[in-house]
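Student: how would this look folded up:
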Amino acid sequence: MLVVHVHVHVKPEMIEAFREATLKNARNSIQEPGILQFDLLQQEDDPSKFLIEEIYKNVESTTKHKETAHYAEWRDTVESMMAEPRKSLKYTKIFPVEKDW
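Tutor: Residues are numbered from 1 along each chain as shown. Predicted structure coming up:
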């Protein structure tokens with residue numbers, strides 16, 4: 001199981017557009033068989049900062065995700081909305097591990 005945290009800093013005037021584009025991507029992404037969880041979080045003390053938490057069954061699922069049309073659309077749509085390049089950190093989930101995953 002692989003957990004990916006994507007940190008995104010959005011231009012203040014683009015916050016709502018970023019939220020809409022990312023929610024569209026999230027709704028499609030969670031339908032992928034290799035994605036177990038896809039969360040969009042907005043920082044309370046700085047609404048221009050977001051965290052996308054993605055939980056995958058395995059590394060191969062991340063590759064498949066990046067090959068989807070909805071991911072490509074999201075990537076291309078939000079790139080100009082970012083105040084700085086997004087940062088991605090990868091983690092191995094240790095606990096808890098759900099039995100049905």
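Student: Chain neighbours aside, what residue packs nearest to Met81?
Tutor: The shortest distance from Met81 to any non-neighbouring residue, by CB to CB, 6 or more residues apart in numbering, is to Met14 (3.9 Å). (Glycine included, C-beta is placed from N, CA and C.)
Student: Please settle this for me: is the one you found part of a strand?
Tutor: No - remark: Met14 does not belong to a strand; assigned using DSSP: H, G, I helix; E, B strand; the rest coil, it is helix.
Student: How many neighbouring residues does it have?
Tutor: When neighbours are counted by other CB atoms under 10 Å, Met14 registers 16.
Student: my guess is it meets Phe50, correct?
Tutor: No - here Met14 lies out of contact with Phe50, judged by CB atoms under 8 Å, at a distance of 11.2 Å.
Student: Would you map the helices across the protein?
Tutor: For the chain, the helices defined by DSSP state H occupy 15-29, 59-66, 69-78.
Student: give me every residue that touches the residue nearest the centre of the chain.
Tutor: Nearest to the mean C-alpha position of the chain, by CA atoms, centre = their mean, lies Ile52 at 3.8 Å. When contacts are counted by CB atoms under 8 Å, 6 or more residues apart in numbering, Ile52 touches 4-6, 8, 22, 26, 38-41.
Student: how near is it to Lys11?
Tutor: 17 Å (CB to CB, to the nearest Å).
Student: now do Ala72
Tutor: 21 Å.
Student: repeat for Thr63
Tutor: Relative to Lys11, and taking CB to CB, Thr63 is found at 30 Å.
Student: Name the nearest residue to Thr22, ignoring sequence neighbours.
Tutor: Among residues not flanking Thr22 along the chain, Leu40 sits closest, at 5.4 Å (CB to CB, 6+ apart).
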